[in-house]
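> Here's a sequence, model it:
(4 chains)
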Protein chains: 4
Amino acid sequence: MMTVTRLDLNDATVMLAGARAKAAEIGVPMCIAITDDGGNLVAFERMDGGKVTSITIAIDKSFTASGAKKATHEYGAISQPEGPTHGINSAIGGRLMVVGGGLPVMVDGACVGGIGVSSGTPAQDMQVAQAGIDELMATL
Amino acid sequence: MMTVTRLDLNDATVMLAGARAKAAEIGVPMCIAITDDGGNLVAFERMDGGKVTSITIAIDKSFTASGAKKATHEYGAISQPEGPTHGINSAIGGRLMVVGGGLPVMVDGACVGGIGVSSGTPAQDMQVAQAGIDELMATL
Amino acid sequence: MMTVTRLDLNDATVMLAGARAKAAEIGVPMCIAITDDGGNLVAFERMDGGKVTSITIAIDKSFTASGAKKATHEYGAISQPEGPTHGINSAIGGRLMVVGGGLPVMVDGACVGGIGVSSGTPAQDMQVAQAGIDELMATL
Amino acid sequence: MMTVTRLDLNDATVMLAGARAKAAEIGVPMCIAITDDGGNLVAFERMDGGKVTSITIAIDKSFTASGAKKATHEYGAISQPEGPTHGINSAIGGRLMVVGGGLPVMVDGACVGGIGVSSGTPAQDMQVAQAGIDELMATL
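Prediction:
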């Protein structure tokens, strides 16, 4: 048996609040998803005006980041033409996201879950995702 | 052109709170999903202990109820052998749910969204979904 | 944060051995899958002669049992016509299995994973799945 | 009629052991999948710490290598922009993997199966996959 630590709903609620506040601050309504260490959805919010297409994208960014323990923009960097993972974006039925906005949540060196944000530019999505993590870290 | 009225994130948050309180009261941690009139996810929560399999089931119950403007248990009743919609459960890649726990949200005769609940018995799921709607109605 | 206990690869290997031995004893080559508490695959074996169609079925039986914390034959019993979950078998893209052969692995009241077996009759699949659990329990 | 030679479960177990030992040696816990000449899964292991997203990726790398009788990194080379198979990565619902780590198992000029590895860099995945094949070849 192994024992692991993962995000619970309270953690996810804290993260949503932090991400939502940053999204409001920059004026971009977002879809925000939180997954646990197994890649399974814990909480999700589509802010008023968030994109319909971003529902699945946000969830899959979080799935990718938590399941692979890697930020989605890092996959983007190594998935360019001639890059080592070029073409990985269509893996897992297209769920493997290589666009920025998905971040793993690392605590004491272990991945306890992830956050995925979509509706803005990838840079904005990453900023909002980071704000969600920052909010959680401030509570630990 | 047409103008429609639909659930916003604030409404969804109110519904989640009502459903979560009822789930806590009956002692069954639930997955709870809220969709708008287009069947698109607005908010989702998996309470600590909610089932992993219920993530998709809750979302799809809400999708079905809001998209079809019909409670999923009503589909269940007419989907029995010899019933008029027998076999419809596998439609839309299996997203058409005929198990109780998905309710449309009706306001002034119009469907403004839906709620889907899963992890308990269908009767428990329906009770928790109704509590989410009741909470919203109390605010209107 | 929450702390959870789950099957590791060593546990899965023990379970495979127990299930494989029982399958050999009854003379039915099986597909055997082990998932963790998040429904994610840990280990899989198709014994020589196991059915090709049973690969996915075994994996999905284990996914269902571990994700829903419920044996798949229990879903079968309540999914008969007029039963409360009639029609649930097509949920989650058809991954929700209601045919016997998927069992949750419960330790100290918590679901730590699951086992799914397919290629025999459901009764044989259940027997082999139970043998996998028994083998694990003998090591705890 | 034709008679084919293919990997059996014993071969797959040997390959898993060889791959697992190499993964341990380089310190990267891996997902390892073995498929037969029909592309059908024979055995799978997710080592403790292997990535959740790599479950499907490892299986699909092996599926691709055995089904196409070609290493996935070879597909990667010809799938670059302007390459002859550019865009083939999304084929078969995204199962056609063009990232390194999937190798066909060739015996006497015939493809008898494949191995797919994921969780490390593609170079590490390829190294571990080759170790699985080397272990098998040492037994023939």
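> Okay, buried residues for the longest helix anywhere in chain A please.
Longest helix in chain A by number of residues, with DSSP state H as the criterion: helix A:9-26. Under the neighbour-count criterion of 16 or more other C-beta atoms under 10 Å in any protein chain shown, helix A:9-26 has A:9, A:11-20, A:22-23 buried. C-beta coordinates here come from the backbone N, C-alpha and C atoms, glycine included.
> Now look at the helix or strand following it and say if it contacts chain D.
Note on helix A:9-26: by DSSP states H and E, the next helix or strand toward the C-terminus is strand A:31-36. No. Under the criterion of C-beta under 8 Å from any C-beta of the partner chain, chain D is not reached by strand A:31-36; the shortest gap measures 9.8 Å.
> Show me what the very next helix or strand once past strand A:31-36 is packed against.
Following strand A:31-36 in sequence order, the next helix or strand is strand A:41-46 (DSSP H and E). Packing partners of strand A:41-46 (3 or more C-beta pairs under 8 Å, 6 or more residues apart in numbering or on different chains; DSSP states H and E): helix A:9-26, strand A:31-36, helix A:54-68, helix B:9-26, strand B:41-46.
> any idea whether A:Gly116 is helix, strand or coil?
strand (DSSP: H, G, I helix; E, B strand; the rest coil).
> Quick check: the gap between A:Ala21 and chain C.
Relative to chain C, A:Ala21 is positioned 22 Å away (C-beta to the nearest C-beta, to the nearest Å).
> Enumerate every residue touching the residue nearest to that residue when sequence neighbours are not counted.
Residue nearest to A:Ala21 in three dimensions, not counting chain neighbours: A:Ala131, with 6.9 Å by C-beta to C-beta, 6 or more residues apart in numbering or on different chains. Contacts for A:Ala131 (C-beta atoms under 8 Å, 6 or more residues apart in numbering or on different chains) come out as A:Gly18, A:Ala19, A:Ala21, A:Lys22.
> chain center to the longest helix of chain A, what's the gap?
Distance of helix A:9-26 from the chain centroid (C-alpha atoms, centre = their mean, to the nearest Å) equals 12 Å.
> what is the mean pLDDT for stretch A:14-23?
For stretch A:14-23, the mean pLDDT works out to 98.
> just to revisit the earlier point, make JSON lines out of the helices and strands packed on strand A:41-46 and add distance to B:Ser118.
Shown next, in JSON lines, are the helices and strands packed on strand A:41-46 (distance: least, C-beta to C-beta, whole Å):
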{"stretch": "helix A:9-26", "distance to B:Ser118": "15"}
{"stretch": "strand A:31-36", "distance to B:Ser118": "17"}
{"stretch": "helix A:54-68", "distance to B:Ser118": "17"}
{"stretch": "helix B:9-26", "distance to B:Ser118": "11"}
{"stretch": "strand B:41-46", "distance to B:Ser118": "10"}
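> ok, the nearest residue to A:Asn89 once chain neighbours are set aside to A:Gly83 distance?
Counting by C-beta to C-beta, 6+ apart, A:Asn89 lies nearest to A:Val98, which is 4.6 Å off, once chain neighbours are set aside. Remark: distance between A:Val98 and A:Gly83 (C-beta to C-beta, to the nearest Å) = 10 Å.
> Looking at these two now, which is surrounded by more residues?
Each of A:Val98 and A:Gly83 has its neighbours counted (other C-beta atoms under 10 Å in any protein chain shown); A:Val98 has more, 24 against 18.
> Dihedrals phi and psi, the more buried one?
For A:Val98, the backbone dihedrals (degrees, to the nearest 10) come out as phi -120, psi 10.
> Up against chain D, what does chain A have?
Residues of chain A lying near chain D (C-beta under 8 Å from any C-beta): A:2, A:37-39, A:63-64, A:66-69, A:81-82, A:84-96.
> Separate out the buried members of these.
Counted by 16+ other C-beta under 10 Å, the residues of chain A next to chain D give A:37-39, A:63-64, A:66-69, A:84-92, A:95-96 as buried.
> partners of the most centrally placed residue in chain A in the sheet?
Residue closest to the average C-alpha location in chain A (C-alpha atoms, centre = their mean): A:Gly116, at 2.1 Å. As for beta bridges, A:Gly116 partners with A:Ala33, A:Gly102 under DSSP bridges.
> that older thread, out of the helices and strands packed on strand A:41-46, which comes closest to C:Ile57?
helix A:54-68 (23.5 Å; C-beta to C-beta).
> Extract the C-alpha set from that closest one and format it as CSV.
Output of helix A:54-68 as CSV, limited to C-alpha atoms (Å, rounded to 0.1, in the frame of the first residue of the first chain):
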residue,chain,number,x,y,z
SER,A,54,-12.9,26.3,-22.6
ILE,A,55,-14.9,24.0,-20.3
THR,A,56,-13.2,20.9,-21.6
ILE,A,57,-9.9,22.7,-22.3
ALA,A,58,-9.7,23.9,-18.7
ILE,A,59,-10.6,20.4,-17.3
ASP,A,60,-8.1,18.7,-19.7
LYS,A,61,-5.3,21.2,-18.8
SER,A,62,-5.7,20.4,-15.2
PHE,A,63,-5.9,16.7,-16.0
THR,A,64,-2.7,16.9,-17.9
ALA,A,65,-0.8,18.9,-15.3
SER,A,66,-1.9,16.7,-12.4
GLY,A,67,-1.5,13.4,-14.2
ALA,A,68,1.8,14.2,-15.8
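> and that helix with chain B, contact?
Yes. Residues of helix A:54-68 contacting chain B under C-beta under 8 Å from any C-beta: A:Ile55.
> next SSE after that helix?
Assigned by DSSP H and E, the successor of helix A:54-68 is helix A:72-78.
> Now do that next one: which elements does it pack against?
helix A:54-68, strand A:102-107, helix A:122-137.
> Please identify the deepest-packed of the ones you listed.
helix A:54-68 (a mean of 28; mean count of other C-beta atoms under 10 Å in any protein chain shown).
> related to what we said a few turns ago, quick one: contacts for the residue nearest to the centre of chain A?
Contacts of A:Gly116 (C-beta under 8 Å, 6+ apart): A:32-33, A:35, A:57-65, A:72, A:97, A:101-103, A:129.
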